[in-house]
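Asker: Next input, structure requested:
(one chain, ligands or ions: 2)
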Amino acid sequence: MFELQEVCKSYVRRGHSVTALRASSLTIPRGDYAAIVGPSGSGKSTLLSVLGGMLTPDGGKVLLDSVSIYDLPVAKRTSFRRERIGFVFQTFNLVPYLTALENVQIPLFLAGLPDDEQQVRAETLLERVGLGERLHHKPSELSTGQQQRVALARTLANDPPVILADEPTGNLDPDSRRVVLDFFDQLHAEGQTILVVTHDTFVADRAKRIFHLADGAITEQSESSQLRVA
Ligand SMILES: Nc1ncnc2c1ncn2[C@@H]1O[C@H](COP(=O)(O)OP(=O)(O)O)[C@@H](O)[C@H]1O
Ligand SMILES: [Mg+2]
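Answerer: Ligands and ions are numbered 1, 2, ... in the order given. Below you'll find the model as predicted:
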């Protein structure tokens, strides 16, 4: 499903070049549930952005369903990404002046779904993440764990086959973290491909495979302890 071939990426800041990713190769099969771990600054977010079609690498290729995404014209790449990839961020990225329901409706609106269908689908998704009683609350009226669940519902709105999550539990208390991780388990069981960036070993251990990143390079691939005990 995903294939990264010799991908590298540097940033230039105040005349200095920082290599964030060096000649990394990686294959993520369909239906995989993988974690990417590594210390702060090791290139995890860069890797995820490159995989997600949001950051053009300096060299190498990124294939998604055998399509080299950075060889697509920008508009095509954007629609390709919208159809296939759902993102979950540490900071949720909810629109503060919209209700939970309206936030979840955004991608459905962008996809051109009629208004009444947007509402029904958004309600169903919010019920699924346990927020059926909070449809008309704004983000500021929700706990951080609830906000992340709204963000998850929004990510799932267009039923993307791939979920890319960057530190999705970084701001959450243990209970909310568990809710999000249980949800990833369900999605994985339903066949979705999940890639989660984290520095939390508890989170990484829920995945099937763990990639270790150090100084912009994938240094190691291991099975999570979940598999070792299975
Ligand atoms: N927009 C940017 N401009 C300049 N340097 C950046 C930028 N984004 C990330 N970097 C640098 O690239 C390296 C990898 O960053 P990042 O991918 O965010 O790591 P991680 O997510 O593992 O903390 C770090 O050294 C970081 O300082
Ligand atoms: Mg990061």
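
Asker: Tell me which stretches of this structure form strands.
Answerer: Shown for the chain, the strands assigned by DSSP state E span residues 2-13, 16-28, 33-37, 59-64, 67-68, 85-89, 162-166, 193-198, 209-214, 217-223.

Asker: Please tell me how far Gly60 sits from Lys9.
Answerer: 9 Å (C-beta to C-beta, to the nearest Å). (Glycine included, C-beta is placed from N, CA and C.)

Asker: Looking at these two, which is more packed in?
Answerer: It is Lys9, of Gly60 and Lys9, that has more neighbours when counted by other C-beta atoms under 10 Å, with 22 against 18.

Asker: hmm, which helix or strand of this structure has the shakiest average pLDDT?
Answerer: helix 225-229 (a mean of 56; mean pLDDT, DSSP states H and E).

Asker: tell me which parts of this protein are close to ligand 1?
Answerer: 11, 13, 18, 20, 38, 40-46 (C-beta under 6 Å from any ligand atom).

Asker: what would the strands of the chain look like in JSON lines with distance to ligand 2?
Answerer: Shown next, in JSON lines, are those (distance: least, C-beta to the ion, whole Å):
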{"stretch": "strand 2-13", "distance to ligand 2": "13"}
{"stretch": "strand 16-28", "distance to ligand 2": "10"}
{"stretch": "strand 33-37", "distance to ligand 2": "10"}
{"stretch": "strand 59-64", "distance to ligand 2": "18"}
{"stretch": "strand 67-68", "distance to ligand 2": "25"}
{"stretch": "strand 85-89", "distance to ligand 2": "10"}
{"stretch": "strand 162-166", "distance to ligand 2": "6"}
{"stretch": "strand 193-198", "distance to ligand 2": "7"}
{"stretch": "strand 209-214", "distance to ligand 2": "10"}
{"stretch": "strand 217-223", "distance to ligand 2": "15"}
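
Asker: Pick out the residue closest to the middle of the chain.
Answerer: Leu164 (2.0 Å; C-alpha atoms, centre = their mean).

Asker: Okay, and the beta partners of that residue?
Answerer: Phe87, Leu195 (DSSP bridges).

Asker: Pull the contacting residues for the closest residue to ligand 2 within the chain.
Answerer: Ligand 2 sits closest to Ser45 of the chain, with a gap of 3.2 Å, by C-beta to the ion. Contacts were defined as C-beta atoms under 8 Å, 6 or more residues apart in numbering; by that measure Ser45 touches 166, 197.

Asker: What is the burial count for Leu94?
Answerer: Leu94, neighbours per other C-beta under 10 Å, totals 23.

Asker: ok, now Gly132?
Answerer: There are 11 residues near Gly132, going by other C-beta under 10 Å.

Asker: per-residue confidence for the closest residue to it other than its chain neighbours?
Answerer: Take Gly132 and drop its neighbours on the chain: the residue closest to it by C-beta to C-beta, 6 or more residues apart in numbering is Leu126, 6.1 Å away. Looking at Leu126, its pLDDT is 95.
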